[in-house]
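1. have a look; sequence and predicted model below, questions after that.
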Amino acid sequence: MSFFLFLISLVGVQSTILAQETPLEVHPVYPMNQKEEVKGYFQLAVNPDEQQTVKVKLVNKTVESLNVRIEPSNGYTNPEGGMLYEKELNSEDASLLREASEAKNFFKVKESITLEPQQTLEIPIEIIVPSRANGTFLGAVKFVVEGNKENEKKTKRGEANFVLKTEIAHAMAIQLDIGELPPPEFTLGDAGFNQIIGKVYITMINQAQRIQEAIEGTYLLQNEQGEIVSEGEFGPFKMAPTTRIRFPFAMGTKPLREGTYRLAVTMNVNGKEIIEEKDIIIGSKALEEFAERSSSTTVAVQGNGMPGWGWALIGGLVAVIIFFLFGIFRSLQKKT
């Protein structure tokens, strides 16, 4: 009986870890020019060549000091839809169209701070609006809690070559609405096969200096024989101003083979119907590269930041402990 109680306690350890609060709370302190119905982030009506300081309240929820790194970031569109905030993002799957749209250059902050145990502190963010800016600019200030270096595990010879580090990032989005919004400019671009994730994609482009709302539609992928390989709906989601993404479509259960495929996409954006049909050639080299990548060991972040190999490591450790204790249990039975 005690053996099974011990197993229950092991399960309880993982549940406790998942239930723990984040060490840092981040709250906006809304100024007078905040859009009234918007909560959780800043949406400010500002003018060109204007300066304003807003504040963010940080709360250390732990009994230890927290080192917090502060990073102004640009607003990108996540390749699968929605917003993404990064200091720099050099990717074929997501990019900014114009350097002038880099909102990180509008924000001035301290590089880092240290929060004492249980301390609450208001951090100023100075916003400097360019003189020729017009439209909507989207960015964020990220507050990154750095892990304790003493707890980092360095590799030894013969072990996997990585160092376990922990970081928790909170992105405080800042949307600046300057003057009148320009008209929407949404277009579709080229289509292809992404051999890294094994999905077909179509390029979506928001050329306007405004957030593109309500992107949604249907898609159909057929092979050379006219057989349906995959079909479905996507969206709705938004795109950040002046951004480009390669939007991947969910694939069906049929395996992709070398050949030419026809992708048909139907959308309704800004009250206008968009119908696109693209031929996609998938070669043997692209399929082989995807097969090699999918069969190799990958590190994927799940949930609130625990890597996939982290859960695998925990599972393996629990299995070893169970096997060891079961052996002891069996030996005690033989003695009795």
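-> That came through, no problem.
2. show me the beta-bridge partners of residue 243.
-> residue 96, residue 206 (DSSP bridges).
3. ramachandran coordinates for residue 293?
-> phi -70, psi -40 (degrees, to the nearest 10).
4. burial of it, as a residue count?
-> By the measure other Cβ atoms under 10 Å, the count of residues near residue 293 is 13. Using the backbone N, CA and C atoms, a C-beta is placed for each residue, glycine as well.
5. please, which helix or strand holds residue 190?
-> In this structure, residue 190 sits in strand 186-194 according to DSSP states H and E.
6. so, low pLDDT: which residues of this structure?
-> For the chain, applying pLDDT under 70 flags the ranges 1-21, 147-165, 296-336.
7. center of it - which residue?
-> Centroid-nearest residue in the chain: residue 84, 6.0 Å away (criterion: Cα atoms, centre = their mean).
8. that one is in contact with residue 74, isn't it?
-> No - counting by Cβ atoms under 8 Å, residue 84 sits too far from residue 74 to count as a contact (9.1 Å).
9. still on that earlier bit, tell me which residues touch the residue nearest to the centre of the chain, please.
-> For residue 84, the contact set (Cβ atoms under 8 Å, 6 or more residues apart in numbering) comprises 75-78, 94, 240.
10. can you pull up the bridge partners for it?
-> Here residue 84 sits in beta bridges with residue 76, going by DSSP bridges.
11. any idea how far residue 291 is from it?
-> As judged by Cβ to Cβ, to the nearest Å, residue 84 and residue 291 stand 28 Å apart.
12. mind splitting the protein into its structural domains?
-> 24-180, 186-295, 298-336 (automatic domain parsing).
13. ok, how many other residues are close to residue 46?
-> Neighbours of residue 46 under the rule other Cβ under 10 Å: 18.
14. now residue 103
-> 25.
15. please name the residues that touch it.
-> 72-75, 137-139, 174, 176.
16. apply 10 Å and report the result again.
-> Taking Cβ atoms under 10 Å, 6 or more residues apart in numbering, we find residue 103 in contact with 72-75, 85, 96, 127, 133, 136-140, 173-176, 240-241.
17. repeat for residue 140
-> 41-42, 71-75, 83-87, 103-104, 107, 169-175.
18. what about it, distance to residue 166?
-> Per Cβ to Cβ, residue 140 is found 21 Å from residue 166.
19. now residue 111
-> 20 Å.
20. could you do residue 176 as well?
-> Distance from residue 176 to residue 166, by Cβ to Cβ: 32 Å.
21. now residue 36
-> From residue 36 to residue 166 the distance is 38 Å (Cβ to Cβ).
22. again, but for residue 22
-> If you measure residue 22 against residue 166 using Cβ to Cβ, the figure is 12 Å.
23. one more: residue 120?
-> Taken as Cβ to Cβ, the span from residue 120 to residue 166 is 23 Å.
24. do the same with residue 144
-> In terms of Cβ to Cβ, residue 144 sits 11 Å off from residue 166.
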